[in-house]
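Chemist: no FASTA, just this:
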């Protein structure tokens, strides 16, 4: 799957991923009203609104981008109906030939980690049959439990030719409370990065590993260091746009071949219609505003890479 991601990045000239983090206050009134008219102001109504909102955005951007990243927590808050919307979203994105990164941040050990890996990336045995659960192409994984938590995912990745992105240096302000702690004089994120590189050697594509890393756009200097530590790992870069990251800050996340990183923007794209810059589209044309935001993001990152 890492080869498909690379091919689609090269085809679209867009090393970006659209984060699908739907909140009800992002969803235009016309979509909410239609869903609530059919199912009432219920969890099912909320799930339907989320699904229709996602679908409209996907329809307007799928030809511009290589990948999407649905954040499962935004669906889970609506219970089973939210998870149904999550699965519909994953399946629809795959119908559009998009690479799907499940932002699930799972982390446990043993059979629990294996079950997470199977549920999101693999196939579960039911009698004589095997079935894919959520069936994403990649999943984000928390490494806090060490190799015991990562190995079950790597085993599934090998079997299914899928991948993971391991949290290394996250974009949030308090990430340094743990991730910057010095261990034998070195910050913890560097040590985690070394483990990502080692895990990746077990699971290589042609040039890049199926084991990638999450490194926030808000920490460009750390990104520069981690790029050197993990030369064969694709870096998923959150924090663009709404969290402050810009194209010029991100050039060091990429290798000299122009690959090696994929930059995420979530509400900066899916809620673009609420920003002053895209206000001209209005609530009714929210998905057109999302498309314009994607085009602007592509131009920003492409320009930065050409001028580095």
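Modeler: In hand now; what should we look at? A quick note: this is a predicted structure, and the numbers were derived from the prediction, not measured.
Chemist: and residue 115, what are its phi and psi?
Modeler: phi -70, psi -40 (degrees, to the nearest 10).
Chemist: confidence score at it?
Modeler: For residue 115, the pLDDT comes out at 97.
Chemist: what's near enough to touch it?
Modeler: Shown here is residue 115, which makes no contacts under the criterion Cβ atoms under 8 Å, 6 or more residues apart in numbering. Any C-beta I mention is one placed from the backbone N, CA and C, and that applies to glycine too.
Chemist: residue boundaries of the strands in the chain?
Modeler: 16-20, 67-70, 99-106, 123-126, 129-132, 138-141, 163-169, 182-183, 186-187, 211-215, 235-237, 261-265 (DSSP state E).
Chemist: Point out the most buried one among those strands.
Modeler: strand 211-215 (a mean of 29; mean count of other Cβ atoms under 10 Å).
Chemist: and that strand, what other elements does it pack with?
Modeler: helix 147-160, strand 163-169, helix 188-201, helix 220-229, strand 235-237 (3 or more Cβ pairs under 8 Å, 6 or more residues apart in numbering; DSSP states H and E).
Chemist: show me where pLDDT drops low in the stretch 101-250 of the chain?
Modeler: In the predicted model, the stretch 101-250 of the chain carries pLDDT under 70 at residues 242-245.
Chemist: 90 - rerun?
Modeler: 110, 171-173, 202, 205-206, 217-220, 239-249 (pLDDT under 90).
Chemist: Of all the helices and strands packed on strand 211-215, which one is nearest residue 62?
Modeler: Closest to residue 62 of the helices and strands packed on strand 211-215, according to Cβ to Cβ: strand 235-237, at 19.1 Å.
Chemist: Please name every helix or strand in contact with that closest one.
Modeler: For strand 235-237, the packing partners by 3+ Cβ pairs under 8 Å, 6+ apart are strand 211-215, helix 220-229, strand 261-265.
Chemist: Take the strands of the chain and lay them out in a markdown table including distance to residue 301.
Modeler: Listed next are these as a markdown table, based on distance: least, Cβ to Cβ, whole Å:
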| stretch | distance to residue 301 |
| --- | --- |
| strand 16-20 | 7 |
| strand 67-70 | 14 |
| strand 99-106 | 17 |
| strand 123-126 | 35 |
| strand 129-132 | 32 |
| strand 138-141 | 20 |
| strand 163-169 | 18 |
| strand 182-183 | 33 |
| strand 186-187 | 27 |
| strand 211-215 | 15 |
| strand 235-237 | 10 |
| strand 261-265 | 6 |
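Chemist: so which of the ones you listed gets nearest residue 50?
Modeler: strand 16-20 (9.1 Å).
Chemist: Partner strands of the closest one, with direction?
Modeler: Strand 16-20 pairs in its sheet with strand 67-70 (parallel), strand 261-265 (parallel), by DSSP bridges.
Chemist: got those as JSON lines, with distance to residue 113 and mean pLDDT columns?
Modeler: Formatted as JSON lines, the strands paired with strand 16-20 follow (distance: least, Cβ to Cβ, whole Å; pLDDT from 0 to 100):
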{"stretch": "strand 67-70", "distance to residue 113": "21", "mean pLDDT": "98"}
{"stretch": "strand 261-265", "distance to residue 113": "24", "mean pLDDT": "95"}
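Chemist: burial count for residue 51?
Modeler: A total of 23 residues lie near residue 51 under the criterion other Cβ atoms under 10 Å.
Chemist: List the contacts of residue 185.
Modeler: Neighbours of residue 185 in contact, by Cβ under 8 Å, 6+ apart: none.
Chemist: now residue 20
Modeler: 54, 57, 68, 69, 70, 71, 74, 89, 266, 270.
Chemist: For residue 93, see how far away it is.
Modeler: 8 Å (Cβ to Cβ, to the nearest Å).
Chemist: between those two, what contacts are shared?
Modeler: 68, 70.
Chemist: picking up where we left off before, now the helices and strands packed on strand 235-237 in a markdown table, with distance to residue 38?
Modeler: Shown next, in a markdown table, are the helices and strands packed on strand 235-237 (distance: least, Cβ to Cβ, whole Å):
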| stretch | distance to residue 38 |
| --- | --- |
| strand 211-215 | 38 |
| helix 220-229 | 45 |
| strand 261-265 | 31 |
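Chemist: and residue 132, which of the ones you listed is closest to it?
Modeler: Using Cβ to Cβ, the helices and strands packed on strand 235-237 put strand 211-215 closest to residue 132, at 20.9 Å.
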